[in-house]
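K.L.:
here is a sequence with its predicted model. Questions after.
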Number of protein chains: 2
Amino acid sequence: MNIGEAAAASGVSAKMIRHYEQIGVIPAAERTGSNYRVYSQNDVHTLQFVRRARDLGFSMKRIQALLGLWQQHRPSREVKRLALEHVRELEGKIREMEAMKRTLEQLAEHCHGDHRPECPILEDLSHASSAAR
Amino acid sequence: MNIGEAAAASGVSAKMIRHYEQIGVIPAAERTGSNYRVYSQNDVHTLQFVRRARDLGFSMKRIQALLGLWQQHRPSREVKRLALEHVRELEGKIREMEAMKRTLEQLAEHCHGDHRPECPILEDLSHASSAAR
DNA sequence: GTAAGGCTTCCCATTGTGGGAAGGTCAAGA
DNA sequence: TCTTGACCTTCCCACAATGGGAAGCCTTAC
């Protein structure tokens, strides 16, 4: 099948399929005589794997690693390690964002939000001192 | 003072100060005869404002808006609106990431993480069907 | 005067995705 | 057979925010 069909079947845009090929996450597809990329059912499966991993927030680097582990039937140890590393990063980002959110909510709570220019939010921003990260 | 000093005093790197000037978030600094940028205490204050807003996760677009509202003593209504918009976006991202985290933790929990290649994480990725976003 | 360190601009890289242009290809219908 | 529309190709540009580094000018202290 052509790239468009593979894109529809995998949920990865044609643009992205070419990109993944270019950065080496997936191998270069075979070509027809007229230089069209050709995909098999198996390739679509690989693309679905990538898609799902992206949906779970994995970086392309880790996805490449996961793909390798999957296709070569390597020990699950590595897979679990990668996944838990990712979970730890997610946790870090979540905590950061929650701290921001809390700070902003507290500031906004005390902001009248009316015609007056006085505003605890601007107060905070203009007297930088507290730490949110 | 020169850009290096302003950077040290504001916590914004010289590189970033030039960038903010270039994209119009801060006005172009005055120059000395030898083309060095010159900053006042007031400029540093503005940079600190930007820094703090970045720490709270605001996008540069919103920071530009906030700076305008601050410097022109505009009604706090707008400020509050911008802040709450940002909070809502943070919430959305936090929820997304928590969903990913939950999914991954559940999958990892059932992964032996040993020498065997069987792994529920790879199982999930290769049978894409569930939705995480 | 010279050396060190600061400043200037310009280009490149990151991460993941998309838009769009210019041009080749293919299939179906008139 | 010719045309047309839909598809494919590559190449460049964009986003947001940040950093690295090069080449060259300026300043300051010794």
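P.N.:
That came through, no problem. Everything quoted here is computed from the prediction, not taken from an experiment. Numbering: from 1, shown residues only, chains lettered A, B, ... in the order given.
K.L.:
which helix is the longest one in chain A?
P.N.:
Taking residue count as the measure and DSSP state H as the definition, the longest helix of chain A comes out as helix A:76-109.
K.L.:
neighbouring contacts of whichever helix or strand comes after it?
P.N.:
Per DSSP states H and E, the first helix or strand lying C-terminal to helix A:76-109 is helix A:120-126. Surrounding helix A:120-126, the residues in contact under the criterion CB atoms under 8 Å, 6 or more residues apart in numbering or on different chains are A:103-104, A:107-108, A:110-111, A:130, B:45, B:48-49, B:52-53, B:56, B:66, B:69-70, B:76, B:79-80, B:83. Glycine gets a C-beta too; all of them are placed from N, C-alpha and C.
K.L.:
check which residues of helix A:120-126 are buried.
P.N.:
Neighbour-count burial for helix A:120-126 flags A:P120, A:I121, A:L122, A:D124, A:L125, A:S126 (criterion: 16 or more other CB atoms under 10 Å in any protein chain shown).
K.L.:
state the pLDDT value of the residue nearest to the second one when sequence neighbours are not counted.
P.N.:
Just to be clear, that refers to A:I121. Distance criterion CB to CB, 6 or more residues apart in numbering or on different chains; nearest residue to A:I121, sequence neighbours excluded, is A:L107 at 4.6 Å. At A:L107, the pLDDT value in this model is 92.
K.L.:
let me know how buried A:L107 is, in neighbour terms.
P.N.:
Per other CB atoms under 10 Å in any protein chain shown, the neighbour tally for A:L107 reads 21.
K.L.:
enumerate every residue touching it.
P.N.:
A:P120, A:I121, A:D124, B:A83.
K.L.:
list the contacts for A:R77?
P.N.:
The contact partners of A:R77, by CB under 8 Å, 6+ apart, come to B:G113, B:D114, B:H115.
K.L.:
what about A:G113, distance to B:F49?
P.N.:
20 Å (CB to CB, to the nearest Å).
K.L.:
which one of the two has more residues nearby?
P.N.:
Under the criterion of other CB under 10 Å, the comparison of A:G113 against B:F49 puts B:F49 first, with 23 against 17.
K.L.:
distance of that one from B:L90?
P.N.:
20 Å.
K.L.:
so which bits of chain A are right by DNA strand C?
P.N.:
Within reach of DNA strand C by CB under 7 Å from any atom of the strand, chain A has these residues: A:13, A:15-16, A:19, A:32-36, A:54, A:59-61.
K.L.:
need the residues you listed in CSV (columns: neighbour count).
P.N.:
Shown next, in CSV, are the residues of chain A next to DNA strand C (neighbours: other CB atoms under 10 Å in any protein chain shown):
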residue, neighbour count
A:S13, 14
A:K15, 10
A:M16, 17
A:H19, 14
A:T32, 9
A:G33, 5
A:S34, 5
A:N35, 6
A:Y36, 12
A:R54, 17
A:S59, 12
A:M60, 15
A:K61, 11
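K.L.:
any stretches of chain A with poor pLDDT?
P.N.:
For chain A, residues meeting the criterion pLDDT under 70 lie at A:128-133.
K.L.:
OK, contacts around the residue of it found nearest DNA strand D?
P.N.:
Here the residue of chain A nearest DNA strand D is A:G4; by CB to the nearest atom of the strand that distance is 2.6 Å. By CB under 8 Å, 6+ apart, the contact list for A:G4 reads A:A14.
K.L.:
return the backbone torsion pair for it.
P.N.:
phi -60, psi -40 (degrees, to the nearest 10).
K.L.:
give the contact list for the most centrally placed residue in chain A.
P.N.:
Note on chain A: the residue nearest the mean C-alpha position is A:G57, at 3.8 Å, using CA atoms, centre = their mean. With contact set as CB under 8 Å, 6+ apart, A:G57 has these partners: A:H86, A:L90, B:E96, B:M97, B:M100.
K.L.:
what about it, helix or strand, and which?
P.N.:
Going by DSSP H and E, A:G57 is not part of any helix or strand.
K.L.:
quick one on the thing from earlier: between the buried residues of helix A:120-126, which is nearest B:G24?
P.N.:
A:L125 (18.8 Å; CB to CB).
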